[in-house]
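Asks: Need a 3D model of the following:
(chains A and B)
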Amino acid sequence: MNGTPNQLFDLADACQAEADQLQNIARNLNFQGPVANKLMTNEMALRVKATLLRTSAVSAAVQNSFAAQDGLKKATDAANTAAVEITEAENAIKFAGLILSLAASVVTGDIPSILTSADALINAV
Amino acid sequence: MCSQPPPITFMQWATTLFSKKVDGVTTRGRRRSRLAGRLLSSHLTRRILIMRAWGPACLSFLMLTGCLNTSAVSSFAQEAPDVTKLDALTDVFVGIPAAQTEWDLQRRIPDDQRDQLAQATAVRHQQQANLDKLHAVLVDYMKALGGLSAPKLTDVSGSADFVTGGLTSLQTAIPTLGITTAQVSLVGDLVNLIGELAISGWRQYELAGVIEKGQPLFQNLVALEIQIIHRGIIPDIQSVEAQIRENQTVELNNLSHSRGDVAVVTAFDFRRNATSDLDHYETAENAAKAYVKALNALAAAHTKLYEERDQLSVKTLEQILPFLQQAETAYQDLRKL
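Replies: Numbering: from 1, shown residues only, chains lettered A, B, ... in the order given. As a prediction, the model looks like this:
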């Protein structure tokens, strides 16, 4: 059945409310006799109808949510990207320090020290 | 004497190097550029460097940094609803058409409707997968906010150690630069201070942007989940409960007219099954109601974050804590399912 989620939920609620009414009348008859039987059969038909309408309503609601889901996924991506960029900026500070260390090693001319500093810099990039 | 660079020039160079690297990363987007420019412009860093009154300057910066507090967002993220709890509810939702058929003891449902219920079960299986995806979108969003608001993200002390380490090496390698130990320590403090200020401000700006963009979408999707649970799952459960209670009365009436041990045993088994199913559905109904409460609390908490997005502080945390506590209490009810 087609309709907006609210319309379908409203119809389902109406069916269920009627089913509950019929059940109350049947209960007053102690659920016995042909009238009570007929009431319970109709009650059950309305309950099934309500279930089917709610199934359609949920389908329509989920269908309506796809645009919002895509939008929120983009916001999530933006948050994750920002976190990565901030980490990169922190790495830039580390990088500046390693350049200073390499410069110092080059000035001293100490080969092992130059290699160690260069390795550290390369690994940090 | 004039050819020897004065120490202050070297410090300016080192700070400018740091400033340019961070500025290069931060110049994405006009607003971000303005923010980074305000916090990291060479003019500002130069002014800081020539300051003589370091104590008051550091104190005022630290006070400013202290105002930026994202613990409210981190706490909000920690309350991301557990996917498995929603699964427990959607499992019940998927099982409703089959339960209606199973509890149709007097065969009142005509065959065509039985077929429709079987088809509805298949549709609901598909819906369960879609609801899981929808739920995952909400949870991923909350976790991403948590990642962006994590305290360790703006802790630059580890990176600043590399700068002081580099300067110490230079101090030893080129004594003619005239770098003193006190100056190395000062630069380390400066890198920490400016780095933390810039990155905290940057993070605050990004968080505000994400929360602003996420607010209508988060509210929309939470409202949708609430609608599905409140108007789909809960009435479904109540309908089956009513059906089981009716059958309990009808069947026990019928059995009371039967005689013999077999009738007693059948009545006992029937009552036990009906009670067990009713208990299960009542627990599910309570869990669904608890889950709606939790979602409402999360929606309210996000709205508060949205309202305070440009000035997130400890006060924001105090304001959203009641909502998060409501959500936590509701989760405890939900765990009973």
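Asks: how's chain A carved up into domains?
Replies: Domains of chain A are assigned by automatic domain parsing as A:1-64, A:77-125.
Asks: Which among the ones you listed is found nearest to B:Lys289?
Replies: Checking the domains of chain A against B:Lys289 by C-beta to C-beta gives domain A:1-64 as the closest, at 16.7 Å. Where you see a C-beta, it was placed from the backbone N, CA and C, and this is true even at glycine.
Asks: that older thread, could I get the domains of chain A as JSON lines with mean pLDDT and distance to B:Leu117?
Replies: Formatted as JSON lines, those follow (pLDDT from 0 to 100; distance: least, C-beta to C-beta, whole Å):
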{"stretch": "domain A:1-64", "mean pLDDT": "94", "distance to B:Leu117": "6"}
{"stretch": "domain A:77-125", "mean pLDDT": "75", "distance to B:Leu117": "41"}
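Asks: How about the contacts made by the closest residue to A:Gly3 other than its chain neighbours?
Replies: The shortest distance from A:Gly3 to any non-neighbouring residue, by C-beta to C-beta, 6 or more residues apart in numbering or on different chains, is to A:Ala60 (6.9 Å). Neighbouring residues of A:Ala60 by C-beta atoms under 8 Å, 6 or more residues apart in numbering or on different chains: A:2-5, A:8.
Asks: Which pair of these spans the longest distance?
Replies: Greatest spatial distance among the contacts of A:Ala60 (C-beta to C-beta): A:Asn2 and A:Pro5, at 11.2 Å.
Asks: Neighbour count for those two, which is higher?
Replies: A:Pro5 (23 against 7; other C-beta atoms under 10 Å in any protein chain shown).
Asks: How about that one: what's its closest non-neighbour residue?
Replies: A:Ala61 (4.0 Å).
Asks: Distance from the chain centre to the helix or strand harbouring the one you found, please.
Replies: Using DSSP states H and E, the element containing A:Ala61 is helix A:34-64. Here the centre of helix A:34-64 is set off from its chain's centre by 28 Å, with C-alpha atoms, centre = their mean, to the nearest Å.
Asks: buried residues in that helix?
Replies: A:36-37, A:39-62 (16 or more other C-beta atoms under 10 Å in any protein chain shown).
Asks: Wait, A:Leu72 touches B:Leu221, no?
Replies: Yes: contact criterion C-beta atoms under 8 Å: A:Leu72 and B:Leu221 qualify, at 6.2 Å.
Asks: any residues in contact with both of these two?
Replies: With C-beta under 8 Å, 6+ apart as the test, A:Leu72 and B:Leu221 both reach B:137-138.
Asks: what about the helices in chain A?
Replies: Ranges of helices within chain A are A:5-28, A:34-64, A:66-108, A:111-124, based on DSSP state H.
Asks: in the shortest one, what counts as buried?
Replies: When neighbours are counted by 16+ other C-beta under 10 Å, the buried residues of helix A:111-124 are found to be A:113-114, A:117, A:120-121.
Asks: Let's see that helix as CSV, backbone CA atoms only.
Replies: Only the C-alpha atoms of helix A:111-124 are listed here, as CSV (Å, rounded to 0.1, in the frame of the first residue of the first chain):
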residue,chain,number,x,y,z
ILE,A,111,78.3,10.5,9.6
PRO,A,112,76.5,8.1,11.9
SER,A,113,74.6,11.0,13.5
ILE,A,114,73.7,12.3,10.0
LEU,A,115,72.4,8.9,9.0
THR,A,116,70.4,8.5,12.1
SER,A,117,68.8,12.0,11.8
ALA,A,118,68.1,11.4,8.1
ASP,A,119,66.5,8.1,8.8
ALA,A,120,64.3,9.7,11.5
LEU,A,121,63.3,12.4,9.1
ILE,A,122,62.5,10.0,6.2
ASN,A,123,60.5,7.7,8.5
ALA,A,124,58.5,10.8,9.8
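Asks: now it, how far from the chain's geometric center?
Replies: 46 Å.
Asks: packing partners for it?
Replies: Helix A:111-124 is packed against helix A:66-108, with contacts defined by 3 or more C-beta pairs under 8 Å, 6 or more residues apart in numbering or on different chains; DSSP states H and E.
Asks: tell me the angle of the helix it packs on relative to helix A:111-124?
Replies: Inter-element angle recorded for helix A:66-108 and helix A:111-124: 170 degrees (by axes from the mean of the first three to the mean of the last three C-alpha atoms, to 10 degrees).
Asks: check contacts around the residue minimising distance to the centre of chain A.
Replies: Using C-alpha atoms, centre = their mean, the residue of chain A that lies closest to the mean C-alpha position is A:Gln69, 7.2 Å off. Residues near A:Gln69 by C-beta under 8 Å, 6+ apart: B:133-134, B:137, B:221.
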